[in-house]
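Asks: Take a look and give me a structure for this.
(chains A and B)
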Amino acid sequence: AQSVTQPDIHITVSEGASLELRCNYSYGATPYLFWYVQSPGQGLQLLLKYFSGDTLVQGIKGFEAEFKRSQSSFNLRKPSVHWSDAAEYFCAVGHNQGGKLIFGQGTELSVKP
Amino acid sequence: GAVVSQHPSWVICKSGTSVKIECRSLDFQATTMFWYRQFPKQSLMLMATSNEGSKATYEQGVEKDKFLINHASLTLSTLTVTSAHPEDSSFYICSARVGAGEQFFGPGTRLTVL
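Replies: Modelled structure (predicted):
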């Protein structure tokens, strides 16, 4: 079955600290992978995506993610977190760039001063 | 570019009434629009996919007679929640794309049914 798992429901980091949000997927075909961010009461903003090529992808707001096929993972990282990064983060997988997406449960990020 | 809007942003209605939510692509023509539902502190669940000028394709378990979707033009799709009940209270999010391109998401509509 196709699925996305984000093991961490809630993470708290100190401002300036590094961040890694985990995402594991189960998908029968070559996956298209996405990370989105959602601020309270808002829609989703695309942070980055991976289709093929270099397994380390750069996104907006200083985020990056690494695709590891052997581990079926697509973890999101940021070297130094800012207070404005506090939000809900969703990992998603799809069959192509714009098709049906399967979302993970989301990870809520809190940033403490 | 690639802006998707939703209206209203929030709505409160009485049980048994119907509510219409609009999703518009403001600066592009969307051949496909998607409707998602999000419960508090949970993920987005795809409800249906709609292509302009054709009937929507509903995901398993979604009542098509309760959640009416119309995609009459390349810039507008509507979701009507018919005979709404408190369990329909949720955050509804639409997205739009051109061809096989990336999905762009709207800001969402908060529905509360009393």
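Asks: Now do the strands in chain A.
Replies: Using DSSP state E, the strands of chain A run over A:3-5, A:10-14, A:19-21, A:24-26, A:32-38, A:44-50, A:56-58, A:64-68, A:73-78, A:87-94, A:101-103, A:107-112.
Asks: And residue B:42, how far from residue A:84?
Replies: Remark: distance between residue B:42 and residue A:84 (CB to CB, to the nearest Å) = 24 Å. Yep, even glycine has a C-beta here, placed from its N, CA and C like the rest.
Asks: neighbour-wise, which of those two wins?
Replies: residue B:42 (13 against 10; other CB atoms under 10 Å in any protein chain shown).
Asks: Quick one: neighbours of the residue nearest to that one when sequence neighbours are not counted, just the number.
Replies: Spatial nearest neighbour of residue B:42, excluding adjacent residues (CB to CB, 6 or more residues apart in numbering or on different chains): residue A:105 at 6.9 Å. Residues within reach of residue A:105, counting by other CB under 10 Å, total 16.
Asks: Likewise for residue B:84?
Replies: 22.
Asks: can you check residue A:77 too?
Replies: Neighbour tally, residue A:77, other CB under 10 Å: 14.
Asks: Check whether it really touches residue A:17, as I assumed.
Replies: No: between residue A:77 and residue A:17 there is no contact under CB atoms under 8 Å: 11.8 Å.
Asks: Can you pull the residues of chain A lying near chain B?
Replies: Chain A comes close to chain B at residues A:36, A:41-46, A:49, A:90, A:96-101, A:103-106, A:108, as judged by CB under 8 Å from any CB of the partner chain.
Asks: Selecting buried members of those in PyMOL, what would you type?
Replies: Remark: buried members of the residues of chain A next to chain B, expressed as a PyMOL selection using 16 or more other CB atoms under 10 Å in any protein chain shown:
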select buried, chain A and resi 36+42+43+44+46+49+90+98+100+101+103+104+105+106
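Asks: so where's chain B uncertain?
Replies: The model of chain B has pLDDT under 70 over residues B:1.
Asks: if you set the cut-off to 90 instead, what comes out?
Replies: Within chain B, the segments meeting pLDDT under 90 span B:1-3, B:28, B:30-31, B:39-43, B:51-55, B:71-73, B:97-103.
Asks: check which helix or strand covers the residue nearest the centre of chain B.
Replies: Taking CA atoms, centre = their mean, the centroid of chain B lies closest to residue B:35, which sits 3.8 Å from it. Assigned by DSSP states H and E, residue B:35 belongs to strand B:32-38.
Asks: Repeat that for residue B:50.
Replies: Residue B:50 belongs to strand B:44-51, assigned by DSSP H and E.
Asks: now that strand against strand A:44-50, angle please.
Replies: On the basis of axes from the mean of the first three to the mean of the last three CA atoms, to 10 degrees, strand B:44-51 is oriented at 90 degrees to strand A:44-50.
Asks: and the next helix or strand after strand B:44-51, what does it pack onto?
Replies: Sequence-wise, the next helix or strand downstream of strand B:44-51 (DSSP H and E) is strand B:57-58. Applying 3 or more CB pairs under 8 Å, 6 or more residues apart in numbering or on different chains; DSSP states H and E, we find strand B:57-58 packed against strand B:44-51.
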